[in-house]
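1. whatever this is, show me its structure:
(one chain, ligands or ions: 1)
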Amino acid sequence: MAVQSLPPGQRPPGHPDLLSPIFWRDGRVVMIDQRRLPDAELWNSYDSWQDVARAIADLEVRGAPAIGCAGAFAAALAAGQASTAASLRVILRQIAETRPTAVNLGAAVHRMANALASGRDPVREAQAIWDDDLAACRAIGAHGAALLPDEGTVLTHCNAGALATAGFGTALGVIRAAIAAGKRLRVLCDETRPFLQGARLTAWELAQDGISAEVIVDGAAAHFMGTGEIVAAVVGADRIARNGDCANKIGTLGVAASAAFFNVPFYVAAPHTTVDVGTATGAKIPIEQRAAEEITQFGARRVVPVNAGVRNPVFDVTPARLVKAIITETGVFQGPYGF
Ligand code: MRU
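-> Okay, the predicted model is just below:
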């Protein structure tokens, strides 16, 4: 592993023109360590699939499309490391299973497996997956921007931004595109316990672009919906079932339910790689359970009694009926969904 700690705002050599959390350069996968943001802008680079798989599992890189890109780059590294076709197949399965909920990861590794089987260059294929994701995010932004009003406050949950994709973002891509089109929007970022993707990552990334953003605790989302200030909620997704049920970061369901209660439009923005046509309804989506320590510890301090039990599902499923529209790169879909 090579580590580079850069001054705020400085990007490592080879970094694409827009903020991207992960890219390929000279046979290595370069990624910003999202566990360390916003305190440090630490860029790690890896040349083994094992390091990249560990980085996915540890949330050094996170967000459904970004872990799809990471999985693709890991597969490209594995293609150079594995000694036999059979061992490569086993490794690809291991990479795909690093995190269970985001279908983009399995879909990207599957695409890599097909490319390898037909003799295509693995690095080119992985780069094409990255390129496709960036193009999809830009198209999602263009489709979604039209749905937002000319001014007001938009609420988002977790981080579905540049940091969660090849670049530009899905939910934040919609907000970025709307602001670029002249709409006067402010953002409320749910802090998103326990990993604080909203407080640490969304607030950091929006500040980079000079977009006005404020952080609220997750429990305040319903309060702000009730004040009438929120004109729309826009979130990303990790897996969308055929019927339009959407899995996303834990707490999204509460946002959708309070949005429905207060008549606030609730949108999901995601590329087609997030749609799992093999899963009929949200009930079949696997929900990742993570370590209790993510909840019991607040930094170095333990905040839960030693004997207390803890449950840590990190995703929930929003039923399709609570979703006003799903914004994809091919257009805007409304229920009844039938992907
Ligand atoms: O656990 P994470 O940070 O990987 O969860 C990320 C989310 O839930 C995002 O909202 C989702 O992946 C969409 S990212 C465009």
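2. where exactly do the helices run in the stretch 51-200 of the chain?
-> 64-81, 85-96, 103-117, 122-145, 171-180 (DSSP state H, counting those that start in this stretch).
3. in TSV: those, plus mean pLDDT.
-> Output for the helices of the stretch 51-200 of the chain, formatted as TSV (pLDDT from 0 to 100):
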stretch	mean pLDDT
helix 64-81	98
helix 85-96	97
helix 103-117	98
helix 122-145	98
helix 171-180	98
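4. out of these, which is closest to the ligand?
-> Closest approach to the ligand among the helices of the stretch 51-200 of the chain (Cβ to the nearest ligand atom): helix 64-81, 3.5 Å. For every residue, glycine as well, the C-beta is placed using N, CA and C.
5. ok and the closest one relative to helix 122-145, angle-wise?
-> 170 degrees (axes from the mean of the first three to the mean of the last three Cα atoms, to 10 degrees).
6. residue 125: what's it in contact with?
-> Taking Cβ atoms under 8 Å, 6 or more residues apart in numbering, we find residue 125 in contact with 72, 76, 111, 112, 115, 116.
7. from the ligand, how far off is residue 36?
-> Residue 36 sits 14 Å away from the ligand, going by Cβ to the nearest ligand atom, to the nearest Å.
8. sorry, slip of the keys, the one I care about is residue 313.
-> 11 Å.
9. make 800 the first number, not 1, from now on.
-> In the new numbering, first residue 800, that becomes residue 1112.
10. nearest residue to that residue other than its sequence neighbours?
-> residue 1086 (5.0 Å; Cβ to Cβ, 6 or more residues apart in numbering).
11. may I ask you to confirm that residue 982 is in contact with residue 947?
-> Yes - Residue 982 lies in contact with residue 947 (Cβ atoms under 8 Å); the separation is 6.0 Å.
12. so between those two, which is more surrounded?
-> Each of residue 982 and residue 947 had its neighbours counted (other Cβ atoms under 10 Å), and the higher figure belongs to residue 947 (22 against 18).
13. ramachandran angles for the more buried one?
-> Phi and psi for residue 947, reported as degrees, to the nearest 10, are phi -90, psi 150.
14. what sits against residue 1052?
-> 1115, 1116, 1117.
15. if you average the pLDDT over the helix or strand hosting it, what comes out?
-> Under the criterion DSSP states H and E, the helix or strand holding residue 1052 is helix 1051-1060. What helix 1051-1060 shows for mean pLDDT is 98.
16. enumerate the residues of the stretch 800-949 of the chain near the ligand.
-> Residues of the stretch 800-949 of the chain lying close to the ligand (Cβ under 6 Å from any ligand atom) are 861, 862, 863, 864, 901.
17. helix or strand right after the helix holding residue 1052?
-> Following helix 1051-1060 in sequence order, the next helix or strand is strand 1065-1068 (DSSP H and E).
18. that next one near the ligand at all?
-> No - contact of strand 1065-1068 with the ligand is not found when judged by Cβ under 6 Å from any ligand atom; the minimum separation is 7.6 Å.
19. neighbouring strands - and their directions - for that strand?
-> According to DSSP bridges, strand 1065-1068 forms sheet pairs with strand 1029-1034 (parallel), strand 1124-1127 (parallel).
20. I'd like to know which of those strands lies nearest to the ligand.
-> Closest among these, using Cβ to the nearest ligand atom: strand 1029-1034, at 6.1 Å.
21. avg pLDDT for that closest one?
-> Throughout strand 1029-1034, pLDDT has a mean value of 98.
22. ok, now stretch 981-991?
-> In the prediction, stretch 981-991 has an average pLDDT of 98.
23. do the same with stretch 816-829
-> Average pLDDT, stretch 816-829: 96.
24. in that stretch, which residues are buried?
-> With burial defined by 16 or more other Cβ atoms under 10 Å, the residues of stretch 816-829 counted as buried are 818, 819, 820, 821, 822, 823, 827, 828, 829.
25. ok, now stretch 949-967?
-> Neighbour count says stretch 949-967 has 952-967 buried, by 16+ other Cβ under 10 Å.
26. circling back: from the contacts of residue 1052, keep the buried residues only.
-> Buried among the contacts of residue 1052 by 16+ other Cβ under 10 Å: 1115, 1116, 1117.
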